[in-house]
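[1] take this sequence and fold it.
(one chain, ligands or ions: 1)
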Amino acid sequence: MQDRCPPAPAPQEEQRRRFLRRMAGGSLVPWLPAAALAASPDDTARIALPPSQAPSEVPEKPSELGDPPAQRVGFAVVGLGRLSLDEILPAFGQTRHCKAVALVSGDRAKAQKVARHYGIAETAIYDYQGFDRLADNPAVQVVYIVLPNGLHAEYTVRAARAGKHVLCEKPMANSVAECRQMIDACSRAARQLMVAYRSQYEPNNRLLQRWVQEKHLGRLKEFISTNAIHLGDPGQWRLKKALAGGGPLPDVGIYCINGVRFLTGEEPSEVWGDIDRPTGDPRFREVEEAARFVLRFPSGLRATCHTSYGAHRSQFLRLLGSEGWAELDPAYAYQNLRLRGARVVGGQETHLQPSLPEVNEFAKEMDHMAQRVRDNQRPYSSGEDGLQDQRIIEAIYESARSGRWVKLEQPSNPVRGAPPPAEG
Ligand code: NDP
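    Numbers count the residues shown, from 1 in each chain. Okay, the predicted model is just below:
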């Protein structure tokens, strides 16, 4: 009996399949995970074990060892709070190029406990007064600043003076003036400066950025997003203006601002803002409870966003284009992001929900920093990216005060370094 070829798909069906393939990030079987997106072209050590799954299954990834310890880039972690202890220090184990080699903390007993756990020498524990002695520790190449926002500028400048590269948590600082000081200090010391915008290194965000770049959504019309959390203790630094810089706007609203800029590659020309400061609530004596804001972009795109410290956790973004929509819900989270999209292809409403492999966003972000330090190249989420968010935040506050739209000049220099290599 002769083998029979399946009939060629109708042109509309072929167009639909092509769309699905592109939307899925190039995977040959579009409704399966684009496994290649998890793999990276820069691996130094991979071990391919014999396959154990049926050939029809998603291909198994080779085991990745990363660099041997002696070749890894050494990081000092500054400030041992929730983010450092719960996310960043554990994430070193999932990096390929990084190792934690020093700690800076105001609480020596806590730092000793953490150092023992991660095999960091007791001699590599510093306090804030002794921070500048990092200059004498050649094992430290990168200082990762995980302090309250109001301390980012001071410790970035001191780290640069100590000859170290800086990875700084978001928001970069409390003001445009501080951001500029940080950029200048790193540039004078010829050190790299990166803002820890972890979402920019996360596969769902990167795939959505690619859908936009490849015009799968058509012409972008609207970006809608919320990032809200519900805070308690009125005594915490996030509610003190000097340490936090503001309320939810610089803390979590910044994800909406950075998200629309990163995904679309556009910069706003005008912003409008409005804030709530309820009287009588001790949490909001110094900072706002909530903010809503609109960013207008030169292409006609608008971003309508909301952020709050008084609403149950809610994090999503949705991009609406002339020919399709896409959303991340949740967005901005550490894990379990869900990307969905739809458009009409070949006369049919076509939905796609790619299921990409989970990655550790902090590990990805730190590996990017390590690679840029080794290559002596500007990081993708550079200091200028953080500065641009701060310019927008200040304009939103100004608009909330004046009740008017506030115009923004387009940045004079590129805000990001070269993108990380495409994966897969
Ligand atoms: P925490 O309050 O949990 O920790 C901050 C740590 O900073 C403290 O534990 C303390 O460490 C040190 N510190 C030094 N001076 C002070 C001070 N005056 N007041 C309070 N703490 C001080 O904050 P987070 O870890 O949640 O946040 C730290 C930074 O990380 C912030 O900039 C925040 O915006 C950012 N962040 C980023 C996230 C992301 O997803 N990228 C998520 C959460 C936060 P020690 O006792 O060791 O001195």
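[2] which residues of this protein score low on pLDDT?
    Applying pLDDT under 70 to the chain flags residues 1-44, 424.
[3] what about whatever residue of it ends up closest to the ligand, neighbour count?
    At 1.7 Å from the ligand, G81 is the closest residue in the chain, using CB to the nearest ligand atom. Quick note: C-beta positions are derived from backbone N, CA and C, even for glycine. G81: 14 surrounding residues under other CB atoms under 10 Å.
[4] kindly report the residues of the stretch 51-200 of the chain close to the ligand.
    79-84, 105-107, 146-149, 151, 169-170, 196, 198 (CB under 6 Å from any ligand atom).
[5] and if we set it to 5 Å?
    79-83, 105-107, 146-149, 169 (CB under 5 Å from any ligand atom).
[6] just the buried residues from the residues you listed, in PyMOL please.
    Per 16 or more other CB atoms under 10 Å, the buried members of those correspond to this PyMOL selection:
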select buried, resi 79+80+83+105+146+147+148+149+169
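[7] max pairwise distance over the residues of the stretch 51-200 of the chain next to the ligand: which two?
    D107 and N149 (19.6 Å; CB to CB).
[8] which parts of the longest helix anywhere in the chain are buried?
    Identified as the longest helix of the chain according to DSSP state H is helix 383-402. Neighbour counts over helix 383-402 (16+ other CB under 10 Å) mark 383-397, 399-400 as buried.
[9] give me the distance between that helix and the centre of its chain.
    18 Å (CA atoms, centre = their mean, to the nearest Å).
[10] now do the helices in the chain.
    Using DSSP H, the helices of the chain run over 11-23, 82-83, 89-91, 108-118, 152-161, 176-188, 203-213, 241-244, 248, 254-264, 361-375, 383-402.
[11] show me what the last one is packed up against.
    Counting contacts by 3 or more CB pairs under 8 Å, 6 or more residues apart in numbering; DSSP states H and E, helix 383-402 is packed against helix 176-188, strand 193-195, helix 254-264, strand 270-276, strand 290-296, strand 406-407.
[12] repeat for the fourth one
    Using 3+ CB pairs under 8 Å, 6+ apart as the contact definition, the elements that helix 108-118 packs against are strand 98-104, strand 125-126.
[13] pick the most buried one from the helices and strands packed on helix 383-402.
    Stretch with highest mean neighbour count among the helices and strands packed on helix 383-402: strand 193-195 (a mean of 29; mean count of other CB atoms under 10 Å).
[14] and Y255, what does it touch?
    S199, S225, N227, Q315, A331, Y332 (CB atoms under 8 Å, 6 or more residues apart in numbering).
[15] just to revisit the earlier point, got the contact list for the residue of the chain closest to the ligand?
    Contacts of G81 (CB under 8 Å, 6+ apart): V146.
[16] tell me the spacing between it and V140.
    Applying CB to CB, to the nearest Å, the value for G81 to V140 is 20 Å.
[17] now the helices of the chain in CSV, with distance to R72?
    Formatted as CSV, these follow (distance: least, CB to CB, whole Å):
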stretch, distance to R72
helix 11-23, 36
helix 82-83, 21
helix 89-91, 13
helix 108-118, 13
helix 152-161, 19
helix 176-188, 22
helix 203-213, 23
helix 241-244, 32
helix 248, 36
helix 254-264, 27
helix 361-375, 7
helix 383-402, 24
